[in-house]
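Asks: Can you look at this prediction? I've put the sequence above it.
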Amino acid sequence: MRFMIIVKADKNSEAGALPDEKILTEMGKFNEELV
């Protein structure tokens, strides 16, 4: 499955800033539940 996430441009998205480690960990847990 492929998907694309579109975010509204702001100073963080334009700078290429990544989410903090806690959010990335939670997204990883959620992804594992789906698989």
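Replies: Looks like it came in fine.
Asks: quick one, helices of the protein?
Replies: 11-15, 21-34 (DSSP state H).
Asks: I would like the residues contacting the first one, please.
Replies: What it means is helix 11-15. Val7 (Cβ atoms under 8 Å, 6 or more residues apart in numbering). The C-beta positions use only the backbone N, C-alpha and C, and glycine is treated the same way.
Asks: closest one to Met1 among the helices of the chain?
Replies: Minimum separation from Met1 across the helices of the chain (Cβ to Cβ) falls at helix 21-34, 9.6 Å.
Asks: Now do that closest one, average pLDDT.
Replies: Taken as a whole, helix 21-34 carries a mean pLDDT of 94.
Asks: Send over that helix as PDB, restricted to the C-alpha atoms.
Replies: What follows is helix 21-34, C-alpha atoms only, in PDB (Å, rounded to 0.1, in the frame of the first residue of the first chain):
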ATOM      1  CA  GLU A  21      11.100  11.200  19.000                       C
ATOM      2  CA  LYS A  22       8.000  10.500  21.100                       C
ATOM      3  CA  ILE A  23       5.700  11.100  18.100                       C
ATOM      4  CA  LEU A  24       7.800   8.900  15.900                       C
ATOM      5  CA  THR A  25       7.700   6.100  18.400                       C
ATOM      6  CA  GLU A  26       3.900   6.300  18.800                       C
ATOM      7  CA  MET A  27       3.500   6.300  15.000                       C
ATOM      8  CA  GLY A  28       5.700   3.200  14.800                       C
ATOM      9  CA  LYS A  29       3.600   1.400  17.400                       C
ATOM     10  CA  PHE A  30       0.400   2.300  15.600                       C
ATOM     11  CA  ASN A  31       1.900   1.000  12.300                       C
ATOM     12  CA  GLU A  32       2.900  -2.300  14.000                       C
ATOM     13  CA  GLU A  33      -0.700  -2.700  15.200                       C
ATOM     14  CA  LEU A  34      -1.900  -2.400  11.600                       C
END
